[in-house]
Structure formats: structure tokens, C-alpha cells
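Engineer: just need the structure, nothing else, for what follows:
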Amino acid sequence: MDPVLNPYAPGAGAQPHELAGRDGVREMVRIAIARVRAGRPAKSAMLVGLRGVGKTVLLDKMRLDAEVAGCITARIEAPEGRSLPSMLAPQLRIALLSLSRIEIAKEAGIKALRALAGFVKSLKVKFNDIEVGIDYDPDPGIADNGDLEHDMQALFERVGEAAKVASTAVVIFVDELQYVREEELAALITVMHRMSQRALPVLLVGAGLPQLRGRMGEAKSYSERLFEFPEIGALSPADAGAALIKPAEENGVTYTEEAIYTILGHTKGYPYFIQEWGSHSWNIALNSPIGYEDVHKASATVIAAMDEGFFRVRFDRMTPTEKKYLRAMAELGPGPHRSGDIADVLERSVQSMAPVRSSIITKGMVWSPSHGDTAFTVPLFDEFMRRIMPGDEWKR
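Structural biologist: Residues are numbered from 1 along each chain as shown. Take a look at the predicted model:
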């Protein structure tokens, strides 16, 4: 079939044709935005889930929803090694420039831009990766004390006041939030607490790996009362089927029952994998309906492509010792696994492997669902580890 008409979007963060199974979360965030805009209390949201479940796609869709509703938005991704202020400042500047162009909010928007100037000037030494244009001179004494937590509060109060005057809301979307340092995460939580206390129309919608909930609790103990933590997981069989079938049907193409069953079996309901299998099956099939043989041929191509891309890019970040730890986990199956069981496979003590486990958690490859347990953050990674490190050679 014509690859130009292929309706699937397997790229990282690419919007799929059919965003199935996420209406409840979108509605929850829509209501929260509407409430803060009306001056009513609402919780910010932290989307937590494994890799490949569509958190980034959902985050971008909700940002579009917010903009359609007339809100001012900012969108950042938190990679390892960059400070939160360096990522926030440029996006806040863009948001505040938009607010300052609304006639009724012009003065309040400029006051917020002055606060941003003081914030950047005072923290540029501490966070030397901050690079942002300054549009106005700072207001002395506002967000310029050099203390991240207090300066962020003062800055966001000005942001919230400008949004309130403009009868809108500022919604900040942050992806990969688990990589933000604890001190900066604590400051962000404190800021959102202050926004809630003052009923200012500023909302935070974040996304991260499952360990994000625990990290936020460690940063500020009251975070669980301040945020909603919807879990973004694998799709139900019905939603997974819709994500696969609807894009094809809208292009006049169908699947046989056996083909659908085979793809859903391979993908286990994970949205990214559904896009991959759907895309490759479409490209291999000569005509409709797409059948079992098409899916069978596509599967070898899909697995090879993901091994060299989706899985390999994460595997290559690991040290040899970390790779052995992950392979020992894979030996036990999908998980989660007790730390003691993993150490037994490696014929090492739990204590000696603790630094390795900690390092892999920091890199975002595994997480701890409960005390002493370890699980992969990437679905099907156990199968990949057995393919790339087969047999028993790795034990040596």
C-alpha cells in the first residue's frame, strides 16, 4: 500500500492519528484549568508512566487544548544536566510577552517581565546556564535575592497576577520532570503551593517516569496533597484496538481478526509499539485487508528497528557493569524483581550491587515500585536484553 498515506506515527512524541484511551486525563486537566482561571482551587497534574506509553504525546495534546481554550502556555523538556531556571526563564519570557500585548494586562505583564529580569540577574551566577533576553530593567527587591525558592515564588506571583488581570491562565507543561534536581523540584512545588494559596491562575502539568511521585514526595512531603498523579499505562484491549484499527479504516483499509490479535499480542497495549507495528504492517501489505502474513513479515522489521533505535539508544548509555545488572533482571523476566534475587543471579551481595542499582535508577532505566523491588522503565526491555546479550557469556 502507498507509504505516503501511512496513517501511523511511530516517531518519538509524534501525534498519532487516534489518541485512544486518554480522554479521562484530558478532561481532568481541562477542568483544572477552567477552575484556576475562574479563581477556584484545583490541583496541578503529574503524569507518570513507563517509556512508550505516550506521556509526551498526551502532554502536547493537552497544551493544544489549553491554547484553544485561550490560555497562555509554556512547554519545556527537562534533560539531564540542565537547571530548571535555565529552561523556565526563556519560556516564561515568551508567555509574559504574550500577556503584555493584551491591553488590559499590559502593565501587569511588564511588571512580571521586570521580575523575570531580576530573577535572571540574581541567579545567573548560581545557574550559569541561564540564557535569556531581558526586555525591561529589573524592579529592585523583586525576585532578586539569590534564593531560588523565594525568588521563584516572587516571580510566579507576578506571572499569576498578570494572568488574572488578563482573565486567562498560564499553564506550564514540563516533560521528563524526573531529571530535575531535588532542590529545584522543591522550589517548583513550593511555587505551585503558593499559587494555590493565593488562588492565582497558574497551573503545572508535568510528565515523568514512575519514580517522579517518590521524588516529589522526598522534595516536599505535602506534594501528594497538591498534585494529581494520574498513571499513564498500557491501553486496554478495546483502546489498543481502536488505536490500531481507526487510522487504517479512515483510509479505507482494514485488518483481519488474526492480524489484529497478533499485533495486540506483540505490543501489549503500549501506544508507541502499536504505532510501530501498524506502520510497518501497512508498508509491507500489498492491499487491504492487512493479514497475518503481513504482520508476521513486519514483526521482524519492527523488532530490528526498535533494537537499533528505541532500545539501543538506552542500552548504550549503560556501563558494562550496569548492562550486566539489567541482563540479570531480564534473566528473571519482565519484573519487578527483588534486589536480592537480582544479586543472586549475579552471584554478588545486595550491598555490593546497591551503587550499580542506584546509578541505573538515576539514568532512568529502572525504578523501585516498592522498597527492595526493581522494575524496568522501558516496556519489553527484558526481551531486548535477552536478544542483545544471549546465552550465558554475559555472566563471565
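
Engineer: tell me where the stretch 101-250 of the chain has strands.
Structural biologist: Along the stretch 101-250 of the chain, counting by DSSP state E, counting those that start in this stretch, strands occupy 170-175, 202-208, 227-228.

Engineer: not counting the last one itself, show me its contacts.
Structural biologist: Where contact means C-beta atoms under 8 Å, 6 or more residues apart in numbering, the residues beyond strand 227-228 that reach it are 28, 32, 43, 44, 45, 46, 192, 204, 216. For glycine as for every other residue, the C-beta is placed from the backbone atoms N, C-alpha and C.

Engineer: quick one: contacts for the closest residue to residue 385 other than its chain neighbours?
Structural biologist: The shortest distance from residue 385 to any non-neighbouring residue, by C-beta to C-beta, 6 or more residues apart in numbering, is to residue 330 (3.6 Å). Contacts for residue 330 (C-beta under 8 Å, 6+ apart) come out as 381, 382, 383, 384, 385, 386, 389.

Engineer: please apply the same query to residue 222.
Structural biologist: Contacts of residue 222 (C-beta under 8 Å, 6+ apart): 189, 193.

Engineer: if we go to 10 Å?
Structural biologist: Taking C-beta atoms under 10 Å, 6 or more residues apart in numbering, we find residue 222 in contact with 189, 190, 193, 216.

Engineer: and for residue 96?
Structural biologist: Per C-beta under 10 Å, 6+ apart, neighbours of residue 96: 72, 74, 105, 108-116, 135-136, 155, 158-159, 162-163, 170.

Engineer: which among those count as buried?
Structural biologist: 72, 74, 105, 108-116, 136, 155, 158-159, 162-163, 170 (16 or more other C-beta atoms under 10 Å).

Engineer: hang on, residue 167 packs against residue 72?
Structural biologist: No - counting by C-beta atoms under 10 Å, residue 167 stays clear of residue 72, with 11.3 Å between them.

Engineer: hey, what's in contact with both of these two?
Structural biologist: Common neighbours of residue 167 and residue 72 (C-beta under 10 Å, 6+ apart) are 102, 105, 201.

Engineer: what about the closest residue to the second one other than its chain neighbours, distance to residue 202?
Structural biologist: Using C-beta to C-beta, 6+ apart and skipping residues adjacent in sequence, the residue nearest residue 105 is residue 166, 3.6 Å away. For residue 166, the distance to residue 202 equals 12 Å [C-beta to C-beta, to the nearest Å].

Engineer: what touches both of these two?
Structural biologist: Counting by C-beta under 10 Å, 6+ apart, the residues touching both residue 166 and residue 202 are residue 72.

Engineer: how's this structure carved up into domains?
Structural biologist: With domains defined by automatic domain parsing, the chain comprises 3-12+235-314, 23-228, 317-395.

Engineer: span of the shortest one from start to end?
Structural biologist: When you say that, I think you mean domain 317-395. This stretch, domain 317-395, spans 20 Å end to end (C-alpha to C-alpha, to the nearest Å).

Engineer: where are the low-confidence patches of this protein?
Structural biologist: Where the chain drops to pLDDT under 70, the residues are 12-14.

Engineer: who does the helix or strand containing residue 58 touch, helix- and strand-wise?
Structural biologist: If you go by DSSP states H and E, residue 58 is part of helix 55-68. Contact partners of helix 55-68 among helices and strands, from 3 or more C-beta pairs under 10 Å, 6 or more residues apart in numbering; DSSP states H and E: helix 23-37, strand 44-48, strand 72-77, strand 170-175, strand 202-208, helix 271-284.

Engineer: that one to strand 72-77, inter-axis angle?
Structural biologist: Helix 55-68 and strand 72-77 are oriented at 160 degrees to each other (axes from the mean of the first three to the mean of the last three C-alpha atoms, to 10 degrees).

Engineer: how far off centre is helix 55-68?
Structural biologist: 12 Å (C-alpha atoms, centre = their mean, to the nearest Å).

Engineer: also stretch 17-35?
Structural biologist: Worked out by C-alpha atoms, centre = their mean, stretch 17-35 lies 15 Å from the chain centre.

Engineer: with stretch 226-242 instead?
Structural biologist: 14 Å.

Engineer: check stretch 230-245 too.
Structural biologist: 17 Å.

Engineer: if we can go back for a sec, neighbour-wise, which of the contacts of residue 222 leads?
Structural biologist: With neighbours defined as other C-beta atoms under 10 Å, the most crowded of the contacts of residue 222 is residue 216; it has 28 neighbours.

Engineer: out of the contacts of residue 96, list just those in helices.
Structural biologist: Counting by DSSP state H, those place 108-116, 155, 158-159, 162-163 in helices.

Engineer: quick one: which two of the residues you listed are the most distant?
Structural biologist: Taking C-beta to C-beta as the measure, those span a maximum distance of 16.0 Å, between 114 and 163.

Engineer: report the separation between the most centrally placed residue in the chain and residue 157.
Structural biologist: Nearest to the mean C-alpha position of the chain, by C-alpha atoms, centre = their mean, lies residue 207 at 3.6 Å. Using C-beta to C-beta, residue 207 is found at 25 Å from residue 157.

Engineer: can you tell me which of the contacts of residue 330 is nearest residue 335?
Structural biologist: Using C-beta to C-beta, the contacts of residue 330 come closest to residue 335 at residue 382, 6.9 Å.

Engineer: give me the neighbour count for that closest one.
Structural biologist: Residue 382: 21 neighbours (other C-beta under 10 Å).

Engineer: pretty sure it sits in a strand.
Structural biologist: No - using DSSP: H, G, I helix; E, B strand; the rest coil, the assignment for residue 382 is helix, not a strand.

Engineer: for it, which non-adjacent residue is spatially closest?
Structural biologist: Spatial nearest neighbour of residue 382, excluding adjacent residues (C-beta to C-beta, 6+ apart): residue 330 at 4.0 Å.

Engineer: where does that neighbour sit: helix, strand or coil?
Structural biologist: Residue 330 - assigned by three-state DSSP - is helix.
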